[in-house]
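# below are the sequence and a predicted model for it; my questions follow.
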Amino acid sequence: MKMIAILIFCTKAAANQFGPYTYEIVDQTVTITDFDDSGITGHLEIPSHIDGKPVTAIGGNGFYPANGLTSITVPDTVLTIGDGVFNTLTNVKEINLGQSVQSIGNAAFLGNSFPRINLPENLISIGERAFDHCDLLEITLPPNLVSVGKRAFAANNRLTTATIRGENTTFGFGVFQSCQNLQHITIEGDINPESTLPFYGCFALRSITFESNAPRDILAYTTRDPIFEMTFDPTFSFYFREGSTGFPTPTMAGFPCKMISTSPNAYAESWLRSHGLDPEIDMSKDHNGDGHPLLLSYALGLNPDQNVSQSLPQVSIADNDLQLTYHASAPGIIYTPLTSPDLKSWSPVFNLSRPNESETRTAKDSFPLLFAQRTFLSLSVRMH
């Protein structure tokens, strides 16, 4: 009897070194697997090619804990950003992603402090907790996005607006969970009805605006489950554009559902007309010489023809708290109360009352206990 020996050889991609980068070559492409941040500070531009081959992937917690970096550029050759690659880089204030990125892994940017990131048009998937506990102010999800993992943008406490452009994006549980200042969401495409409570715990949410016709499965929106749960601001409303079809009125999911003009600033334009002003006027201008822009008068419900200086919100002290009470119901306005210890660095105030019958809210911050300490309150208003 003859014996036939079959030898099977398994090969593993060898690790190589190029400057601070450890990398592997797989199928004539480069995957960066580690980064030595010794002495490297400031801006980092990741190379597009190593050893004459394109860098197509960055993996494996490769850049943690490169705390000397302040900004990072990912080249257009990269298709995949792996799990935890850029997590907890607390000093990085700017991330520039290449336009070819298709996949962002779990916790890839968790715990970072950059205020904005432009997600590429070709992005297909975002992993679980990818941007959890970041400092994003706004986010736009691109049109080709298929899936967003659980808690991908959770606990972004400075986030005020989100735009969803995908036609059938599926959201895992709590994608925007506990974003305490998320006020406005714009949906240009649709949300897959299999999504589960993406806006769970968004207590400040005041509006969701649909820019096209009603979703294909309107029932998913009108039953509050699985997409919506009643944890929103009591002034919450759905909005849809004039000319759109398929929306139930006057309510959807128990909330007001209102048609708005095709102009994104229709309410402000109507307010300007009611005061005899040109609806095309620049609202950042000081209309009557009182030192305040028209936008402020609109946001605070004041008469633009009068000097509003004496009618502006004033800081008061009550129950050992600094308090700032302000009108908070002008459509299309994002109100952000801010606190500062030095008039230089500002952060959102999280202790915020619900609107009362007079459509006002009160922001509260603890009064400093020590004489040398200071606390300042201010209010930022801007058009959505």
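Yep, it's here.
# helix, strand, or coil at the nearest residue to S297 once chain neighbours are set aside?
In this structure, S297 finds its nearest non-sequential neighbour in P304, 4.2 Å apart by C-beta to C-beta, 6 or more residues apart in numbering. C-beta here means a position set from N, CA and C on the backbone, and glycine is covered the same way. The three-state assignment at P304 reads coil, by DSSP: H, G, I helix; E, B strand; the rest coil.
# burial count for P304?
Residues lying near P304 (other C-beta atoms under 10 Å) number 22.
# give me the pLDDT value at it.
On the pLDDT scale, P304 is placed at 87.
# who are the contact partners of it?
H275, L277, H287, N288, L294, S297, Y298 (C-beta atoms under 8 Å, 6 or more residues apart in numbering).
# helix or strand for the second one, which one?
Translated: L277. Using DSSP states H and E, no element contains L277; it sits outside every helix and strand.
# any idea how far S316 is from A107?
Going from A107 to S316 by C-beta to C-beta, to the nearest Å gives 42 Å.
# more neighbours: which of these two?
The neighbour count for A107 versus S316, taken as other C-beta under 10 Å, is higher for A107 (25 against 12).
# who touches that one in this structure?
Neighbouring residues of A107 by C-beta under 8 Å, 6+ apart: D83, G84, N87, G127, E128, R129, A130, D132.
# hmm, A152 and the fourth one touching each other?
The one in question is G127. Yes. If you go by C-beta atoms under 8 Å, G127 and A152 touch, sitting 7.1 Å apart.
# all helices in this protein, in order from the N-terminus.
For the chain, the helices identified by DSSP state H occupy 218-222, 266-274, 294-299, in order along the chain.
# and those helices, which is most packed in?
Most buried of the helices of the chain, by mean neighbour count (mean count of other C-beta atoms under 10 Å): helix 294-299, with a mean of 22.
# distance from it to the middle of the chain?
On the basis of C-alpha atoms, centre = their mean, to the nearest Å, helix 294-299 sits 25 Å off its chain's mean C-alpha point.
# and what of stretch 247-267?
Stretch 247-267 has its C-alpha centroid displaced from the chain centroid by 23 Å (C-alpha atoms, centre = their mean).
# how about that stretch: buried residues?
Using 16 or more other C-beta atoms under 10 Å as the test for burial, stretch 247-267 gives F247, M252, A253, F255, C257, K258, I260, P264, N265, A266, Y267.
# let's have these in CSV, adding pLDDT.
Putting the buried residues of stretch 247-267 into CSV (pLDDT from 0 to 100) gives the following:
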residue, pLDDT
F247, 88
M252, 81
A253, 75
F255, 81
C257, 86
K258, 83
I260, 74
P264, 59
N265, 75
A266, 75
Y267, 79
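# nearest to I40, of those residues?
Lowest distance from I40 to the buried residues of stretch 247-267 (C-beta to C-beta) belongs to P264, with 43.6 Å.
# how far away is the closest residue to L119 other than its chain neighbours from I104?
Nearest non-adjacent residue to L119, counting by C-beta to C-beta, 6+ apart: P142, 5.2 Å away. To I104, P142 is 11 Å away according to C-beta to C-beta.
# so what sits against both of the two?
Residues touching both P142 and I104 (C-beta under 8 Å, 6+ apart): L123.
# between the two, who's got more neighbours?
Legend: neighbour count by other C-beta under 10 Å for P142 and I104, higher for I104 (27 against 17).
# name the nearest residue to R382, ignoring sequence neighbours.
Closest residue to R382 apart from its sequence neighbours, by C-beta to C-beta, 6+ apart: I334 at 5.4 Å.
# so who does that neighbour touch?
Taking C-beta under 8 Å, 6+ apart, we find I334 in contact with T160, T161, Q183, H184, V381, R382, M383, H384.
# taking those residues one by one, which sit in strands?
Counted as lying in strands by DSSP state E, out of these, are T161, H184, V381, R382, M383.
# check contacts around the last one.
Think M383. Taking C-beta under 8 Å, 6+ apart, we find M383 in contact with N265, A268, M283, L295, G332, I333, I334.
# G127 and A152 - which one has more neighbours?
Using other C-beta under 10 Å as the criterion, G127 and A152 rank with A152 on top: 31 against 24.
# still on that earlier bit, nearest to P115 among the contacts of M383?
Closest to P115, out of all of those and judged by C-beta to C-beta, is I334, at 14.7 Å.
# excluding chain neighbours, what is closest to E167?
Excluding its sequence neighbours, the residue lying closest to E167 (C-beta to C-beta, 6+ apart) is G189, at 4.2 Å.
# ditto for L343
Distances taken as C-beta to C-beta, 6+ apart place F376 nearest to L343, at 5.7 Å, with adjacent residues excluded.
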